[in-house]
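Could you work out the structure for the sequence below:
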Amino acid sequence: MNADQRARNTNAANNTRLHRIPKPRPYAPDHARPWVACQSGLTHADGSPYAPDHLMNTSRLVLQLAQAACRRDPWGAINAIRTLVEHEEKKKSGGIAEQLRRLLPHPGKDPRNQMAALKYLDEATPRIQLDDLQLHDDVREACAELVIEQRQAAALAEAGLRPRNRVLLTGPPGNGKTSVAEGIAAALDRPFYVVSYDTLIGSHLGETGSRLRQITDYIGSHECVALFDEFEAIGKERDDHDEIGEIKRIVASLLVHLERIPPSTVMIAATNHPGMLDRATWRRFQIRLELEAPGRDGLAAYIRARRPPNLRLDACAVAATLDGASYAEAAEFCEDVERRLVLYPEQEPHEMLRERLARWTAGRRNHPQPAGA
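Next up is the predicted model:
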């Protein structure tokens with residue numbers, strides 16, 4: 001072989017080596033790969049950024065959970081949550097693991113039926129504390145007892161007892177029924193759901209009862225607080241001759257479902273018309289509270305608590321002008337005064353207050369009054 005042939009063979013061999021595809025390196029977990037420290041953080045010896053395995057796994061599980069939610073895939077969401085619970089338990093994160101476990105349906109329940117109930121429930125973040133509300137002593141004491149019983153459910157179970165969990169709130173509108181329910185959810189640190197009647201009430205025979213069963217199955221599978229506002233819409237008196245047979249079937253179904261709600265779920269019903277409720281529904285509630293409209297003393301106490309620091313006023317005199325108002329109406333008046341103070345700082349505060357009171361009184365004269373007022 002001459003020199004030219006040897007040179008051509010050498011060049012061909014070099015070209016082969018240059019174009020050879022490197023073999024992929026086997027995967028090694030982060031703890032098994034060498035890493036070095038640099039100014040920008042920890043990196044592997046090959047220059048790739050270092051990320052602990054538990055962070056990679058958590059991110060992957062969160063991604064799976066988000067994908068299942070976007071696909072409306074209840075089975076995928078449940079599986080991702082279960083895996084995330086196991087992952088957090090291995091990290092000794094007991095608090096978040098327990099909160100995640102509460103989201104899981106009870107064994108034997110079809111998550112598709114339970115997830116369908118979310119169409120008829122509005123979840124709200126409780127922001128009101130019971131201590132922030134103007135409540136009569138008996139109402140405040142009853143709410144405190146409910147919270148204590150729920151927190152000490154394990155101690156009661158050891159004695160063969162169950163905490164009370166079904167509450168009926170009555171009273172005129174605007175006096176804190178929804179706020180009390182929200183305050184109980186905040187005190188228990190539980191999810192707060194409000195039943196949405198515009199989607200719950202169906203036009204076909206048996207449709208409402210089926211949806212009601214889905215709701216009670218869902219809230220019964222979670223430690224939560226559920227509010228059935230305007231409860232007379234589904235708990236109306238069955239002896240009313242003006243009602244059709246469907247409402248009677250709904251009430252009968254409702255009574256059965258109320259008995260099946262486990263003690264770990266707090267179910268609160270609120271109504272402005274207690275006389276419209278079916279008599280059998282009253283027996284289903286262990287706690288029955290009436291939230292009355294505030295008198296002048298109650299209004300004066302509320303106004304003192306809401307008074308802006310830069311406004312001096314006679315709370316009793318203002319309460320006398322607002323006499324007959326609900327707590328919600330008093331709150332609207334106070335917010336109106338606060339807005340004026342912010343938007344018109346040049347206006348004299350007491351003159352502005354007199355103007356707002358005069359306008360409120362004029363509007364009150366045009367406000368429809370309840371019968372017998």
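
now the residue nearest the centre of the chain: how far from residue 125?
For the chain, residue 192 is the residue whose C-alpha lies nearest the centre (C-alpha atoms, centre = their mean; 3.2 Å). Separation of residue 192 from residue 125 (C-beta to C-beta, to the nearest Å) stands at 7 Å. (Glycine included, C-beta is placed from N, CA and C.)

Could you do residue 300 as well?
31 Å.

Where does pLDDT dip in the stretch 101-250 of the chain?
101-116, 199, 202-206, 238-246 (pLDDT under 70).

in it, which spans are strands?
Applying DSSP state E, counting those that start in this stretch to the stretch 101-250 of the chain gives strands spanning 121-124, 166-170, 192-195, 225-228.

tell me which residues in stretch 133-151 are buried?
133-135, 139-140, 142-143, 146-147, 149-150 (16 or more other C-beta atoms under 10 Å).

still on that earlier bit, list the contacts for the residue nearest to the centre of the chain?
Residue 192 is in contact with 123-126, 181-182, 185-186, 224-225, 227, counting by C-beta atoms under 8 Å, 6 or more residues apart in numbering.

In PyMOL, select just the buried ones from those residues.
In PyMOL syntax, the buried subset of those is picked out as below (16+ other C-beta under 10 Å):
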select buried, resi 126+181+182+185+186+224+225+227
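
Out of the contacts of residue 192, the closest to residue 317 would be?
residue 182 (31.4 Å; C-beta to C-beta).

In this structure the closest one contacts residue 130, no?
No - using C-beta atoms under 8 Å, residue 182 is not in contact with residue 130; the gap is 9.2 Å.

quick revisit: any chance of the buried residues of stretch 133-151 in TSV, with distance to residue 174 too?
Converted to TSV, the buried residues of stretch 133-151 look like this (distance: C-beta to C-beta, whole Å):
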residue	distance to residue 174
133	13
134	12
135	14
139	16
140	19
142	20
143	19
146	23
147	24
149	29
150	27
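
Let me know the closest of the residues you listed to residue 351.
Using C-beta to C-beta, these come closest to residue 351 at residue 134, 28.2 Å.

ok, the closest one touching residue 300?
No - using C-beta under 8 Å, residue 134 is not in contact with residue 300, being 10.4 Å away.

residue contacts, the nearest residue to the residue nearest to the centre of the chain once chain neighbours are set aside?
For residue 192, ignoring the flanking residues on the chain, the nearest one in space by C-beta to C-beta, 6 or more residues apart in numbering is residue 185 at 3.8 Å. The contact partners of residue 185, by C-beta under 8 Å, 6+ apart, come to 126, 191-192, 224-225, 266.

Just put those in a markdown table and tack on distance to residue 288.
Formatted as a markdown table, those follow (distance: C-beta to C-beta, whole Å):
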| residue | distance to residue 288 |
| --- | --- |
| 126 | 22 |
| 191 | 24 |
| 192 | 21 |
| 224 | 21 |
| 225 | 17 |
| 266 | 15 |
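
From residue 285, how far out is the closest residue to residue 271 other than its chain neighbours?
Closest residue to residue 271 apart from its sequence neighbours, by C-beta to C-beta, 6+ apart: residue 231 at 4.5 Å. According to C-beta to C-beta, residue 231 and residue 285 sit 10 Å apart.

what's the overlap in contacts for the two?
With C-beta under 8 Å, 6+ apart as the test, residue 231 and residue 285 both reach 168, 269.
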